[in-house]
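# turn this into a structure:
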Amino acid sequence: MKKILGSIALAVIAATGPAAAQDYPDQAVTLVVPYGPGGASDLAGRALAETAQPFLGQPVTVMNKPGAGGMNGARSVSEAEPDGYTLLLARVGMALSPAVTPGNAVEWDAYTFLGALEATPMILAVRGDAPYNSVEELVAAIKDSDGRMTYAASGATAIDGFTTQALLADNDLDPLTAATLVPYKGGGELATALLGGHVDFVAMASASLMPHIKSGDMKALMVFAPKRMGDLPEVATAAELGYEKAGQIAGWSALYGPKNLPEDVVAKWHEVLGKVATDETWLDLAARRGSISTIGDVDMTDYAKSQYELFHGLAQDFGYLSN
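Numbering: from 1, shown residues only. Alright, predicted model coming up:
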């Protein structure tokens, strides 16, 4: 059993009494996924709903509520009744968006943090026939290119833009001019741009890259994740390679609720997540998505705060926000 979840759950149960914890839930719980059906967020939400239901004792119903970069769904949960029956499948965007667009997104701490779920690795990749076989070789080529090398991203302040810019900054290169960002709409288009030779490299979510890496059409040079991927055990993480900023970036999912959830609700979900953490179905579904289960590995309140501060600091350092 994971130590963090276990200790918190026991403390809350001791404070509220076992009878209170047994009252929740008495009806289905709605899990809001703030992005559209079929994507990584949706699959993570449905995996949690399937796995948690037998431990919760009630159905968990997934509701997709996309729009505004995930903020429509996030806002609806942050403004919901704090009774435990409306929860959020949170993603890294819940920390990143308020960090780079202060005043226009739901604040990073507008929730009750129930726990981390998974890390969703990102991969620095080049085409299979590219002359670079390591991060060092790619960075050396970028230094020699005088800004002519290109990378695809969905935006300068999107997570797949920050991955590359953080790597450039870690190598004492200007994150905005050392390589040229070519914008595309999202995962599939970014991968296609690299395969088609329209850009030189990408640093983006693994799900869109792994089929091409397995086929040999792409090469993985580095992973942005807290630990190595099971499918790429020979590829080092950014942290292992000593990259301070890039080593802190990864995609992730977590379970949030409206702020001020009752203690018995928090205790129940800590108990449920503690069981999900070792459930074979959950672990198998995570592995199939290329994700790494992180239930119980971090204190989610501290981690969400650190992620907000990371992206806010990067936005200031890179000139997107004033200091």
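# Val182 should be in a helix, yeah?
No - assignment of Val182 by DSSP: H, G, I helix; E, B strand; the rest coil gives strand, placing it outside any helix.
# contacting residues for it?
Contacts for Val182 (Cβ atoms under 8 Å, 6 or more residues apart in numbering) come out as Thr150, Tyr151, Ala152, Ala153, Ala193, His198, Val199. C-beta here means a position set from N, CA and C on the backbone, and glycine is covered the same way.
# can you give the domain ranges for this protein?
Following the TED database, the chain resolves into domains at 29-120+250-318, 122-248.
# pull up the distance across the longest one, start to finish.
To tie it back to what came earlier, the one meant is domain 29-120+250-318. End-to-end distance for domain 29-120+250-318: 41 Å, by Cα to Cα, to the nearest Å.
# now it, how far from the chain's geometric center?
Taking Cα atoms, centre = their mean, to the nearest Å, one finds the center of domain 29-120+250-318 at 9 Å from the center of the full chain.
# got the residue ranges for the strands in the stretch 201-323 of the chain?
For the stretch 201-323 of the chain, applying DSSP state E, counting those that start in this stretch gives strands covering 201-205, 218-224, 251-258, 292-293.
# can you check the stretch 1-150 of the chain too?
For the stretch 1-150 of the chain, applying DSSP E, counting those that start in this stretch gives strands covering 29-33, 60-64, 86-91, 111-120, 122-127, 150-153.
# what residues are up against Asp174?
With contact set as Cβ under 8 Å, 6+ apart, Asp174 has these partners: Leu168.
# in what helix or strand does it lie?
Secondary structure assignment for Asp174, by DSSP states H and E: no helix or strand.
# how about low-confidence regions in the stretch 51-200 of the chain?
By pLDDT under 70, the stretch 51-200 of the chain has no low-scoring segment.
# before we move on, the earlier item: would you tell me which one of the strands of the stretch 1-150 of the chain is buried the most?
Sort these by mean neighbour count, taking mean count of other Cβ atoms under 10 Å, and strand 86-91 sits at the top with a mean of 27.
# what strands line up against that one, and which way round?
strand 29-33 (parallel), strand 251-258 (antiparallel) (DSSP bridges).
# out of these, which is closest to Tyr132?
strand 251-258 (23.6 Å; Cβ to Cβ).
# distance of Gln53 relative to Pro25?
Gln53 sits at a distance of 11 Å from Pro25 (criterion: Cβ to Cβ, to the nearest Å).
# relative to Gly128, which of the strands of the stretch 201-323 of the chain is closest?
Closest among the strands of the stretch 201-323 of the chain, using Cβ to Cβ: strand 218-224, at 5.7 Å.
# give me the residues contacting the closest one.
Contact with strand 218-224 is made by 121-128, 130, 132-135, 138, 163, 167, 191, 194-195, 203, 206, 209, 212-213, 229, 232, 235-238, 241, 246-247, 249-250, as judged by Cβ under 8 Å, 6+ apart.
# now those: which count as buried?
For the contacts of strand 218-224, a neighbour count by 16 or more other Cβ atoms under 10 Å gives the buried set as 121-127, 130, 132, 135, 138, 163, 167, 191, 194-195, 203, 206, 209, 212-213, 229, 232, 235, 237-238, 241, 246-247, 249-250.
# before we move on, back to that, need the strands of the stretch 201-323 of the chain in JSON lines (columns: mean pLDDT and distance to Asn104).
Putting the strands of the stretch 201-323 of the chain into JSON lines (pLDDT from 0 to 100; distance: least, Cβ to Cβ, whole Å) gives the following:
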{"stretch": "strand 201-205", "mean pLDDT": "95", "distance to Asn104": "24"}
{"stretch": "strand 218-224", "mean pLDDT": "98", "distance to Asn104": "26"}
{"stretch": "strand 251-258", "mean pLDDT": "97", "distance to Asn104": "19"}
{"stretch": "strand 292-293", "mean pLDDT": "93", "distance to Asn104": "31"}
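# check contacts around Val272.
The contact partners of Val272, taken as Cβ under 8 Å, 6+ apart, are Ala52, Phe55, Leu56.
# type out the PyMOL command that picks the buried ones from these.
The buried residues among those can be selected in PyMOL (16+ other Cβ under 10 Å) with this line:
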select buried, resi 52+56
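# and which of the contacts of Val272 is nearest Ile159?
The closest of these to Ile159 turns out to be Ala52 (Cβ to Cβ; 26.1 Å).
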